[in-house]
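Novice: Next one to model:
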Amino acid sequence: MAEGSSLLSYVREEIFTNVIKTVQKGKDENWLVMVVDSVALRLVSTCCRMTEIVEAGVTIVEALEKSRKPLLEFEAIYLVAPTLENAKMIVADFALKPKYRKIHIFFLDTCPDDVLRETAPLKRVIATCKELSLNFHPAESHVFTLDRPAAIWEAYSKKSSGENIGDIASQIACVCATLGESPIVRYQAGGRPANSKLALLVQQRLDLLRTYNSRMMASASSKKRSQLLILDRNFDLISPLVHELTYQAAAYDLLDIKGNVYSFKFDAANGQTTERKATLDESDEVWVKQRHNHLSVVSENVNVMFREFKKKHEVELGSASSSQMKNLVQSMPQRRSEFAQFSLHLDMATAINKAFSRKIEMCTRVEQNIVMGEDEDGVKIKDYIGQIASVLVDRGISMDNKLRAMMLMVLSLDGLKPNEMQQLFDTSNIPYTRRGAITNLEDLGAVVDSAAQGKKKLKKFKRTKRDFEFKLSRWVPIIKDLMEDAIKNKLSTDDFPATKESAGLGAAAEADDDDEEEVASARKRGGWAKTKQKTAAAAAAEPRGKGGKGAAAAASLADRPRLIVYITGSVSLNEMRSAYEVSKAFPDWDVYIGSGTILKPTSFLDCIEALDSEKPFNPEKGHDDDDDGAIRVVAGSAAPSGGAAAAAAPAKKGGRYAEQTV
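Specialist: Residues are numbered from 1 along each chain as shown. Okay, here's the model as predicted:
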């Protein structure tokens with residue numbers, strides 16, 4: 001992936017250049033107030049540091065929803081979603097007594113006429129009123145969401161009106177506009193009518209935005225057209241449910257992580273135990289480098305990084321022992337956050353290893369056998385019920401894990417006969433109130449009752465054959481195959497047509513012989529195999545702009561086509577990892593993936609279970625909300641855990657996972 005291709009960077013640039021600097025232009029020492037709603041707050045918190053905002057001339061950032069004191073000596077930037085509720089709150093700021101000298105309103109998306117009319121009383125104080133294309137959440141450098149926690153229920157529940165499809169189309173178009181792209185719009189055919197309708201609405205919105213976005217217009221005429229691929233969640237219902245043994249996915253599945261915040265107990269040097277919280281985001285270099293690695297190598301890799309860190313700063317750290325290291329680092333604030341990262345991730349890796357019990361290992365092995373249709377030795381599975389029985393009868397295995405195994409079995413076999421299903425329910429003692437997790441799969445188009453007449457099975461896409469290093473990590477998300485095929489121009493136009501017949505998919509992505517060879521060798525090595533030398537693809541994927549060897553071979557950032565994937569409902573963490581892997585394998589392309597929300601397996605299960613409810617399950621319920629009106633801009637990972645001794649301790653190479661190699 002190229003430097004500068006980060007979605008976070010694009011959003012950050014939009015905020016500083018097209019919002020703050022636009023207001024500051026031509027004015028000397030003009031300090032500003034920034035007022036944000038909850039949507040804009042998440043956007044700013046994710047992409048910007050508070051220190052940077054202050055340096056740009058914003059003296060304070062305040063919440064629109066909170067009571068605020070008048071600051072008549074300042075002009076104010078309102079960065080908000082274009083809703084009637086927000087417009088009324090802005091007007092209320094000037095109803096009795098003005099709060100600011102002048103205001104500059106920046107709507108995150110196209111503003112409806114009724115919202116604009118609501119702001120009419122403010123015409124004397126409005127100095128700027130501008131529409132942006134930022135109505136989405138950049139979760140990671142190559143991952144976005146539409147900030148819709150109830151997206152599964154909204155898209156698939158019979159109780160949902162489905163009236164928000166136009167809003168969703170506008171948000172997807174915002175992602176493309178922020179990237180400066182006017183892509184070929186393709187969609188998964190043969191499924192729900194809503195999928196093709198969404199694609200057409202996105203196309204209409206892109207056509208409109210392109211008329212006044214020069215970057216999008218240039219993109220539309222480029223030789224290698226970018227592609228937007230809109231998928232129904234039912235193209236792969238297995239990946240959101242399986243146990244995944246890469247660092248990020250396993251951490252969210254097995255540990256207590258809410259949002260991006262990891263809570264843990266910390267034993268301080270004075271012997272007291274306190275609770276700490278750490279934010280897992282891209283300001284944490286260790287997290288970025290290790291999040292997609294297999295658990296078997298994470299602890300060792302973190303220790304190697306720590307030894308390199310210590311060697312780099314050996315003049316400051318001297319010959320301090322492990323027990324002395326913590327106090328020494330505490331006296332050097334500039335090194336404290338770096339040290340904290342190493343300590344944090346060793347703590348997390350240890351916690352995951354403890355959580356990955358023999359019971360979870362058994363569940364993972366059974367899941368892999370079921371979804372692959374063969375065991376780890378390549379022997380075809382004939383007795384699926386016999387495979388799953390060991391999980392269902394074990395009282396030490398949680399109800400969630402039993403349900404996940406049963407759901408995977410139903411999906412892999414295109415349903416079960418009613419008597420087989422009842423037998424499994426009786427064996428597992430799954431209460432009637434929780435069986436909706438399985439029966440509600442029908443709402444997503446899956447076959448649950450194999451004996452039912454006239455049920456259309458979900459399409460099974462041809463899979464790419466791959467070799468694997470780890471026996472418990474044989475399943476590869478289907479999205480990885482689709483991404484590779486789209487880039488190589490091998491994606492079926494029957495299964496994934498374009499909204500415009502003249503899209504010119506033949507010129508969209510021409511893979512040369514070298515690309516084919518690189519991808520084939522990657523399959524042979526498997527996702528986690530270690531190599532002795534870099535491939536051409538790996539060399540080209542090195543950071544550009546700093547003398548990297550891949551700079552000459554790779555296309556310039558401006559000319560590089562993008563593959564943007566949107567999955568209706570939710571995206572899983574292993575699918576997110578796939579986007580990064582494909583970007584690395586094809587250095588002349590940038591790959592982005594997004595959805596309504598990001599769900600870990602247990603949350604996905606809960607959302608399916610709630611499809612027949614009057615109200616959706618909210619996977620974000622229970623998150624702590626600060627109620628003091630202060631804006632908290634996340635700046636990086638928090639405190640260490642385990643101290644210097646933990647960071648300096650040698651790792652047990654591979655641990656239990658080392659036994660899982662083929």
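
Novice: Please tell me I have it right and residue 186 contacts residue 231.
Specialist: No - with contact defined as Cβ atoms under 8 Å, residue 186 does not count as touching residue 231 (9.4 Å). Just so you know, the C-beta spots here come from the backbone N, C-alpha and C atoms, and that holds for glycine as well.

Novice: need the longest helix for the chain.
Specialist: helix 333-355 (DSSP state H).

Novice: Send over the next helix or strand after that one as PDB, restricted to the C-alpha atoms.
Specialist: Remark: after helix 333-355, the chain's next helix or strand is helix 358-372, criterion DSSP states H and E. Output of helix 358-372 as PDB, limited to C-alpha atoms (Å, rounded to 0.1, in the frame of the first residue of the first chain):
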ATOM      1  CA  ARG A 358      -8.700 -26.000  24.800                       C
ATOM      2  CA  LYS A 359     -12.400 -25.600  24.500                       C
ATOM      3  CA  ILE A 360     -12.000 -22.700  22.000                       C
ATOM      4  CA  GLU A 361      -9.300 -24.700  20.200                       C
ATOM      5  CA  MET A 362     -11.800 -27.600  19.800                       C
ATOM      6  CA  CYS A 363     -14.500 -25.200  18.500                       C
ATOM      7  CA  THR A 364     -12.000 -23.700  16.000                       C
ATOM      8  CA  ARG A 365     -10.900 -27.100  14.700                       C
ATOM      9  CA  VAL A 366     -14.500 -28.300  14.300                       C
ATOM     10  CA  GLU A 367     -15.500 -25.000  12.500                       C
ATOM     11  CA  GLN A 368     -12.600 -25.400  10.100                       C
ATOM     12  CA  ASN A 369     -13.500 -29.000   9.300                       C
ATOM     13  CA  ILE A 370     -17.100 -28.000   8.600                       C
ATOM     14  CA  VAL A 371     -16.600 -25.000   6.500                       C
ATOM     15  CA  MET A 372     -13.800 -26.600   4.500                       C
END
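
Novice: Report the buried residues of helix 358-372.
Specialist: Of all the residues in helix 358-372, those buried under the rule 16 or more other Cβ atoms under 10 Å are 360-372.

Novice: so how many other residues sit close to the closest residue to residue 24 other than its chain neighbours?
Specialist: Excluding its sequence neighbours, the residue lying closest to residue 24 (Cβ to Cβ, 6 or more residues apart in numbering) is residue 57, at 5.4 Å. Residues lying near residue 57 (other Cβ atoms under 10 Å) number 16.

Novice: Next: the one 4 residues further on.
Specialist: By the other Cβ under 10 Å criterion, the neighbourhood of residue 61 contains 24 residues.

Novice: Just say helix, strand or coil for it.
Specialist: The three-state label given to residue 61 by DSSP: H, G, I helix; E, B strand; the rest coil is strand.

Novice: thinking again about what came up before, kindly give the local confidence score, pLDDT, for the residue nearest to residue 24.
Specialist: In this model, residue 57 is scored at 92, pLDDT.

Novice: hang on, isn't it packed against residue 20?
Specialist: Yes - with contacts counted by Cβ under 8 Å, residue 57 reaches residue 20, the gap being 6.6 Å.

Novice: Mind listing the shared neighbours of the two?
Specialist: residue 32 (Cβ atoms under 8 Å, 6 or more residues apart in numbering).

Novice: Of all the residues in the longest helix of the chain, which ones are buried?
Specialist: Buried, per 16+ other Cβ under 10 Å, within helix 333-355: 335, 337-353.

Novice: could you pull out the helices for the stretch 51-200 of the chain?
Specialist: 84-92, 113-118, 151-156, 165-178, 193-210 (DSSP state H, counting those that start in this stretch).

Novice: So for the last one, what gets flagged as buried?
Specialist: This points to helix 193-210. Using 16+ other Cβ under 10 Å as the test for burial, helix 193-210 gives 195-196, 198-199, 201-207, 209-210.

Novice: Now the two most distant members of the residues you listed.
Specialist: 195 and 210 (22.7 Å; Cβ to Cβ).

Novice: Low-confidence bits of the stretch 501-650 of the chain, can you list those?
Specialist: Scanning the stretch 501-650 of the chain for pLDDT under 70 picks out 501-558, 621-650.

Novice: actually the chain, not the one I typed
Specialist: Checking the chain against pLDDT under 70 turns up 1-4, 26, 28-29, 219-223, 266-271, 313-336, 501-558, 621-662.

Novice: centroid residue for it?
Specialist: residue 143 (4.5 Å; Cα atoms, centre = their mean).
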